[in-house]
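> Output the structure for:
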Amino acid sequence: MKEKEEEKDLLRAKLIKTRNSMTRKEVKTKSRQIRDRFLESSKYSTAQTLMAYAAKNNEVETEYLIKKAICDGKKTLVPVTDLKNNRLIPSQLKDFELELEEGTYGVFEPRDEYLRPVSPLKIDLVITPGTVFDLKGNRIGYGGGFYDRFLNTLREDALSVAFAYEFQIVQDLQDVIFDHDLPVDKIITEERIIERGS
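Numbering: from 1, shown residues only. Here you go, the predicted model:
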């Protein structure tokens, strides 16, 4: 158990280091390719309520996507970290520029006066962050388990989609993941779309 956790931590740290070494131009170019693939998909067009993280530290950028989803009339949510109860709370965002501030772990979250909690059961699609993914949709997050617990609260037909750079994809994470680590349904990189189980 301890060895598995250590291996997981090493892999996470290695991939974060690689991601942090990317130039702004690389981040912008690859993020745009990933985002465009997603926006062209039927899953985006049919989703009425979606949740996306506000990117930081060279994560695949989501600002344009969040603004577009709001503009397209979709109920657009961002996660709020509730440390006291060890969970994520989806909150509706109406104005990206006005309503967000730096919150838990340096992640941008709505200021208190703009908190608009939404039941996870209303969500059609979640953009899920992570540090490492494999071809079966398995993921390593940031170590807090917030998304694993959150994905467990969604409807069975809700879709979880990860945005990742191609270098974040490895062949198989089976040896380092635990039973509580939930896979995502789809991973979109700048080069391809990986469907879980395909």
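> Make sure residue 91 is indeed in a strand.
Yes: counting by DSSP: H, G, I helix; E, B strand; the rest coil, residue 91 is part of a strand.
> what are the ranges of the helices in this protein?
Secondary structure of the chain by DSSP state H: the helices cover 2-20, 24-39, 42-46, 63-71, 96-99, 146-151.
> okay, these, which one's buried deepest?
Highest mean neighbour count among these (mean count of other C-beta atoms under 10 Å): helix 146-151, with a mean of 19. Where C-beta positions appear, they are placed from N, C-alpha and C, glycine not excepted.
> so for it, what's the average pLDDT?
If you average the pLDDT over helix 146-151, you get 90.
> average pLDDT across the strand ranked longest in the chain?
In the chain, with assignment by DSSP state E, the single longest strand is strand 75-82. Mean per-residue pLDDT for strand 75-82: 95.
> Stretch 164-171 too?
Stretch 164-171 carries an average pLDDT of 94.
> And for that stretch, what's in contact with it?
Contact with stretch 164-171 is made by 11, 15, 18-19, 22, 30, 34, 60, 130-135, 187-192, 194, as judged by C-beta atoms under 8 Å, 6 or more residues apart in numbering.
> Now, of these, which are buried?
11, 15, 19, 30, 34, 60, 130-135, 187-190, 194 (16 or more other C-beta atoms under 10 Å).
> returning to what we had before: ok, and for the longest strand of the chain, which residues are buried?
75-81.
> Including distance to residue 112, could the helices of the chain go into TSV?
Below are those laid out as TSV (distance: least, C-beta to C-beta, whole Å):
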stretch	distance to residue 112
helix 2-20	30
helix 24-39	29
helix 42-46	30
helix 63-71	20
helix 96-99	10
helix 146-151	20
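> Just give me the neighbour total for the nearest residue to residue 122 once chain neighbours are set aside.
Of all residues not flanking residue 122 in the chain, residue 49 sits nearest, at 5.2 Å (C-beta to C-beta, 6 or more residues apart in numbering). Residues lying near residue 49 (other C-beta atoms under 10 Å) number 20.
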